[in-house]
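Trainee: Output the structure for:
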Amino acid sequence: MLRTFSFIKSFLIMLIISSGVAFSYNRFKQYKFLGKIYGGIVVAFLGAILCNSILEPINVFFKDNFNVNILAVLIGAVIFVKILNKVTP
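Mentor: You can find the predicted model right below:
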């Protein structure tokens, strides 16, 4: 039960960070995404998951509390959103 709650909590944290990155790039920087804001959220979430798993050995303060590497999630979401912007015509 505790592992399930921890997994759901880390999933929601990654989704919130990814949504914030996609929203800010769509709203404030006027990036155009394939699939509008929802496409940006999906791609940012995928980038967050991949970068979190790749950069897992790097320990950040929030990793102990939430079991999510916040810095890695933020970096992955930003990189994938910028790649999506370059790919979108």
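
Trainee: Name the residues of the host helix or strand of residue 40 that come out as buried.
Mentor: If you go by DSSP states H and E, residue 40 is part of helix 36-54. If you call a residue buried by 16 or more other Cβ atoms under 10 Å, then helix 36-54 has these buried ones: 39-45, 47-52. Every C-beta, even on glycine, is put in place using the N, C-alpha and C of the backbone.

Trainee: Run through who's touching that helix.
Mentor: Identification of contacts with helix 36-54 by Cβ atoms under 8 Å, 6 or more residues apart in numbering yields 14-15, 17-19, 21-23, 25-26, 31, 33, 35, 68-69, 72-81, 83-84.

Trainee: Residue 21: what's it in contact with?
Mentor: Neighbours of residue 21 in contact, by Cβ under 8 Å, 6+ apart: 44, 74, 77, 78, 81.

Trainee: correct me, but the last one touches residue 23?
Mentor: No. Between residue 81 and residue 23 there is no contact, the gap being 10.2 Å when judged by Cβ atoms under 8 Å.

Trainee: With neighbour numbers in mind, choose between these two.
Mentor: Neighbours per residue (other Cβ atoms under 10 Å) separate residue 81 from residue 23, with residue 81 holding more: 24 against 14.

Trainee: Now do residue 17 against residue 69, distance only.
Mentor: According to Cβ to Cβ, to the nearest Å, residue 17 and residue 69 sit 11 Å apart.

Trainee: Between these two, tell me which one has more neighbours.
Mentor: residue 69 (25 against 21).

Trainee: Relative to residue 82, how far out is the more buried one?
Mentor: 20 Å.

Trainee: before we move on, what about residue 5?
Mentor: Residue 5 is 33 Å from residue 82, by Cβ to Cβ.

Trainee: Cool, thanks, talk later.
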